[in-house]
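K.L.:
Structure, please.
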Amino acid sequence: MATSDRNSTHGRTLEHTRPANTTGAHVATAGVVVFLIATFLDWVSTEGADSTSGSGYETDTTIPLVAFLGVGLAVALQYAANRARGRQHRGLSLTAMAVGIAAVLLSLSYVIDVPGAFERGADLSTEIGAWIGLLGGIVWSVGAGLLAKEPEGDDDWDDSTTTEAHRTR
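P.N.:
So this is what the prediction gives:
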C-alpha cells in the first residue's frame, strides 16, 4: 500500500512503496544484547596468591554506560522500524553505528592492554567478558551499518531513480 507525500524541494508528489529492510536493526539489537551480557562477565583478573577478577560492570563505569546507551538505541531502532517513514531513521542508525564502534574500541582496549593497569599497580589480565564484548560490539556496528546503508532513511529515498541507483552499488 503506497502513501503519497509532497516533496517540497522538487515540487512533485512521490510514492512510498518500499520500506527499509530492518534486518540490520535486528542484528544491531542482537549485538547490543551480547554486549550487555558481556558487561556482567569478568573483563579483568589479577594473578598470584590473591587472584581476583572483576566484571565489566565493576571494572569501569564506561562499560555499563555504553551497554545501557546501546539498549536505548536498540529500543529506538526497533521503534523506528515500526513507526518511522521508510521503517528507519538515518540519524538514529548512524548514531547506533557510532556507539557500536565505540563499544568495539572500548572492548579492544581491554583485549590489547587493560586500561589503568599502571595506575592500579596491578598486573591485570584480560578475561572472557572483554572478548565477548568485542564480538557484541562488532555485531552491533555491522547491524547498524546494514540498516544505515538502506536508502529509505535518506531525505530523497522516495525518488525511485535515486533508490534504485543506491541498490545497484
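K.L.:
Now do the contacts for residue 143.
P.N.:
Contact analysis of residue 143 by CB atoms under 8 Å, 6 or more residues apart in numbering lists 23, 24, 25, 26, 27, 28, 29, 30, 31, 100. From N, CA and C alone the C-beta is placed, and that goes for glycine too.
K.L.:
which helices and strands does the helix or strand hosting residue 95 pack with?
P.N.:
Using DSSP states H and E, residue 95 falls within helix 90-112. Counting contacts by 3 or more CB pairs under 8 Å, 6 or more residues apart in numbering; DSSP states H and E, helix 90-112 packs against helix 23-39, helix 62-83, helix 128-148.
K.L.:
will you turn these into a markdown table that also has mean pLDDT and distance to residue 51?
P.N.:
Output for these, formatted as a markdown table (pLDDT from 0 to 100; distance: least, CB to CB, whole Å):
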| stretch | mean pLDDT | distance to residue 51 |
| --- | --- | --- |
| helix 23-39 | 95 | 21 |
| helix 62-83 | 92 | 21 |
| helix 128-148 | 95 | 15 |
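K.L.:
Format the ones you listed as TSV; extra columns: distance to residue 115.
P.N.:
Shown next, in TSV, are these (distance: least, CB to CB, whole Å):
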stretch	distance to residue 115
helix 23-39	16
helix 62-83	9
helix 128-148	11
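K.L.:
Relative to residue 48, which of those helices is closest?
P.N.:
Among the helices and strands packed on helix 90-112, the nearest to residue 48 by CB to CB is helix 128-148 (19.6 Å).
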